[in-house]
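1. show me the folded form of this:
(chains A and B)
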Protein chains: 2
Amino acid sequence: MLQAPPAEPGMREDEVDTPALLIDLDAFEHNLDTMAAFLAPTGAKLRAHAKTHKSPVVARLQMARGAIGQCVQKVGEAEVLAWGGIPDIMVTNQVVGARKLNRLVALARIAQVSVCVDDPAQVAAIEEAAAAAGVRIPVLVEIDVGGARCGVQAGPPAVALAEVIAASKHLSFGGIQAYHGSAQHIREPERRAAAIAGAVEASRRTVEQLRQRGLACPVVGGAGSGSFQHEVASGVYTEIQAGSYAFMDADYARNIEAPPFRHALFVLATVMSAATPHIAVVDAGHKAVPTDSGYPLIAGRPGVSYVGASDEHGKLTVEDPALRPRLGEKLRLIPGHCDPTVDRYDWYVGVRKGRVECLWPVAARGAMA
Amino acid sequence: MLQAPPAEPGMREDEVDTPALLIDLDAFEHNLDTMAAFLAPTGAKLRAHAKTHKSPVVARLQMARGAIGQCVQKVGEAEVLAWGGIPDIMVTNQVVGARKLNRLVALARIAQVSVCVDDPAQVAAIEEAAAAAGVRIPVLVEIDVGGARCGVQAGPPAVALAEVIAASKHLSFGGIQAYHGSAQHIREPERRAAAIAGAVEASRRTVEQLRQRGLACPVVGGAGSGSFQHEVASGVYTEIQAGSYAFMDADYARNIEAPPFRHALFVLATVMSAATPHIAVVDAGHKAVPTDSGYPLIAGRPGVSYVGASDEHGKLTVEDPALRPRLGEKLRLIPGHCDPTVDRYDWYVGVRKGRVECLWPVAARGAMA
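-> Okay, the predicted model is just below:
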């Protein structure tokens, strides 16, 4: 079932039912404006990653500030954005299976949709689906720039796959996808810069070899919130795929040279038990605030730490018993990782200056297929 | 949005779209039957925990085999069970906030609902809500039996809180809640038994002190899938709150004396990339199979290991390249932790002998409030 909204516009923040997913609208707009201002004088465009926000509303606010489109990881996310009026959507991922591909190419009637490959069998399957639907799909070659996960090797293997795409009647070669995911979270700035330098070099070499084979490379896509300054500075990347910058989370904030973004996303939680000395328990465990990138922080409450998550309980410890949150008190948790946290909720509650200003559906919540 | 079902009855399992939440119905029924047969000759009853399954369908199958009711952690879960016809539901948790309490007491018109407390302020709030609704609610005292999370201390503090309940006009004293959550996952049988022995002793002492004050203790509730044999053997616990036994997960299976339950819950995933030697990537990352209790196992594929989860990618390594799963192949993942995994999906796909037999909604998916 879809869950009922936990609030109504006009409510005070402390009246919002918990757990709830809050957007601090002032901080959120600051983040969108900051990224837009950073990119404006460069040659790179923002194609924001919707796997973070899963919302056509957020996507439109990004595009109103200059983003040229959106990225997604899943066909279900592409559907929700296309149905919500987003005109240009790239699946930064391989899509395998006829059922999913048929859904994807059907969207080409209402939006531009592109997709990535790392195997000729995927190209053949997309060609078949596109031919059956009578549409033309841009397809990008994903290259492995250090993640050792998906992607062909840069250089000749990437060129060979691009030629397969270019030779397919209902496909066009869309460019290369060169995202270095694991580099986003390297703490030391020098090591992170070095990892991205390798990705830039692999991309530059591949673009040059494509050119030598007569293939223009319209897009070099990649970069996340932890590294985008480097990809932009390279002059090689044309599209930046940051997503978390809009919300920021505790993990990105731990990076030594954290980008100049503010925490804009919170899980509002209520203290449901204070029966044990030095401990308070909130109603948000790892079902409400996933812990894959560590426990949440407690906003504005120094000395209060989230130290343990079970399914529905979050255990807080306090250094000074006098500062223990009270039974019934509501606290803002800063998620360790914004992407999976957003995907737990059906509703965003937008707040500004202590009041609920808006409710937005997390429209692609659970869109894993 | 509610996600579309990934299958239809009659399909072959390899036609199910991924990621999908599978129940192996033969293994699942074996687990339900095994627990029922174990408890039948004892004095303890099963009140299965619905935080695991979130489904009135599963609840009814448990009750058809002798379970006397269901446990939940959240009011939203209680609502879904009550609306689905379950007659006896205990919230094994504190419920804080007037909005939630009003929803809870409203259910008392269609089901028996009980709830736990560990503070007199919670008792007063439930009394106020029950009085306003004109209903009578059994309230249990949660005691801390070693988890150092929620619950008053055993003995006099528990008795004092029980007396507050008993003196409340619209409440009845329902018993004590004595669940030792952290003990469920202790690997060594002797240490686990010792932890539960402490919980049993605390419960026995509290029941005796209640009796001395003239308060009968109708229920002593607790126990999970990792320890229930001990609570049952104690003769003190009247209700066993196991949930995971129905599905089993990789974490419980790591317990040295794992209970005689079979893996019945799987995430079906598709290999979406095999571009890197010795690696296959499936379309189920930690959004599809949460990793709070470790990575999933790969069923029936020795030598294939899930070694890394990002949001939408699961990275598998293989010892022998000849045994690498093929692009497009579907694999059954055994979740590290069944409870949060179930809560990611809108649908169960019930399979038997390679065919889809049924679809059941995960009706309380996302019911965190």
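2. need the three-state assignment for the residue lying closest to A:Lys353 once chain neighbours are set aside.
-> Computed as CB to CB, 6 or more residues apart in numbering or on different chains, the closest residue to A:Lys353 that is not its neighbour in sequence is A:Asp26, at 7.7 Å. For every residue, glycine as well, the C-beta is placed using N, CA and C. Secondary structure for A:Asp26, judged by DSSP: H, G, I helix; E, B strand; the rest coil, is helix.
3. same check, this time on A:Leu316
-> Relying on three-state DSSP, one would call A:Leu316 strand.
4. for it, grab the count of nearby residues.
-> 24 (other CB atoms under 10 Å in any protein chain shown).
5. quick check: the gap between it and A:Val220.
-> 45 Å (CB to CB, to the nearest Å).
6. so A:Ile137 sits against A:Ala125, correct?
-> No - at 11.3 Å, A:Ile137 does not count as touching A:Ala125 under the criterion of CB atoms under 8 Å.
7. who has more neighbours out of those two?
-> A:Ile137 (24 against 20).
8. report the contact partners of the more buried one.
-> A:104-105, A:108, A:113-115, A:126, A:130, A:170-172 (CB atoms under 8 Å, 6 or more residues apart in numbering or on different chains).
9. nearest to A:Thr34, of those?
-> When these are compared for distance to A:Thr34 (CB to CB), A:Ser114 comes out closest, at 27.2 Å.
10. enumerate the beta-bridge partners assigned to the closest one.
-> A:Met90 (DSSP bridges).
11. what is the least confident helix or strand in chain A?
-> Lowest by mean pLDDT, DSSP states H and E among the helices and strands of chain A is helix A:250-253, with a mean of 89.
12. show me what secondary structure element comes after that one.
-> Using DSSP states H and E, the next helix or strand after helix A:250-253 towards the C-terminus is strand A:265-273.
13. C-alpha coordinates for that following strand, CSV please?
-> The C-alpha trace of strand A:265-273 is given here as CSV (Å, rounded to 0.1, in the frame of the first residue of the first chain):
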residue,chain,number,x,y,z
LEU,A,265,17.5,15.9,3.7
PHE,A,266,16.5,14.6,7.1
VAL,A,267,14.6,11.8,8.6
LEU,A,268,12.4,13.2,11.3
ALA,A,269,12.2,10.8,14.2
THR,A,270,10.5,10.7,17.6
VAL,A,271,12.0,9.6,20.9
MET,A,272,9.8,6.6,21.8
SER,A,273,11.7,5.4,24.9
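14. direction included, what does the helix or strand that that strand is followed by pair against?
-> The element immediately downstream of strand A:265-273 (helix or strand, assigned by DSSP H and E) is strand A:279-282. The strands beside strand A:279-282 in its sheet (DSSP bridges) come out as strand A:265-273 (antiparallel), strand A:314-318 (antiparallel).
15. pick the most buried one from those.
-> Mean neighbour count (mean count of other CB atoms under 10 Å in any protein chain shown) peaks for strand A:265-273 among the strands paired with strand A:279-282, with a mean of 26.
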